[in-house]
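J.: Only the shape, not the letters, is given here:
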């Protein structure tokens, strides 16, 4: 697996994890983002890249900072902050 593919898979897995934490279905998030559900499924599976503009949209919808999607350390800190808030 190439480094780029591994990065796409990691970002997609993070996106899927946060989506599920927010109790959103793929079709619900896809609609909010203005994309088709299969396209979102491909992003979450690491078969497609998440563009910067789509990452910003997704972060707004999911209530996270965009950096969370590319850095797992920020995900842990954001989730911890939300539990204490």
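T.: Received the coordinates, thanks. Remember, it's a predicted structure, so these values are computed and weren't measured experimentally.

J.: residues touching residue 57, list them.
T.: 32-34 (C-beta atoms under 8 Å, 6 or more residues apart in numbering). All C-beta atoms are positioned from the backbone trio N, CA, C, and that covers glycine.

J.: mind redoing it with 10 Å?
T.: Shown in contact with residue 57 (C-beta atoms under 10 Å, 6 or more residues apart in numbering): 29, 32-35, 50-51, 66.

J.: go on, residue 26?
T.: Per C-beta under 10 Å, 6+ apart, neighbours of residue 26: 16, 19-20, 37-41, 43-44.

J.: same check, this time on residue 42
T.: 8, 12, 35-36, 48-49 are the contacts of residue 42 under C-beta under 10 Å, 6+ apart.

J.: What's the first helix or strand after the one helix or strand it maps to?
T.: According to DSSP states H and E, residue 42 maps onto helix 37-44. Downstream of helix 37-44, the first helix or strand assigned by DSSP H and E is helix 52-62.

J.: Tell me what angle that following helix forms with helix 37-44.
T.: 100 degrees (axes from the mean of the first three to the mean of the last three C-alpha atoms, to 10 degrees).

J.: Identify each buried residue in helix 52-62, please.
T.: Using 16 or more other C-beta atoms under 10 Å as the test for burial, helix 52-62 gives 54-55, 57-59, 61-62.

J.: Buried residues in the helix or strand hosting residue 14, which are they?
T.: Element membership of residue 14, judged by DSSP H and E, is helix 3-21. Applying a neighbour-count criterion of 16+ other C-beta under 10 Å, one finds 8, 11-12, 14-16, 18-19 buried in helix 3-21.

J.: wait, what's in contact with the most centrally placed residue in the chain?
T.: Nearest to the mean C-alpha position of the chain, counting by C-alpha atoms, centre = their mean, stands residue 15 at 2.0 Å. By C-beta under 10 Å, 6+ apart, the contact set of residue 15 is 29, 40, 43-44, 50, 54-55, 58-59, 62, 64, 68-69.

J.: And the average pLDDT for stretch 9-27 is what?
T.: The average pLDDT for stretch 9-27 rounds to 95.
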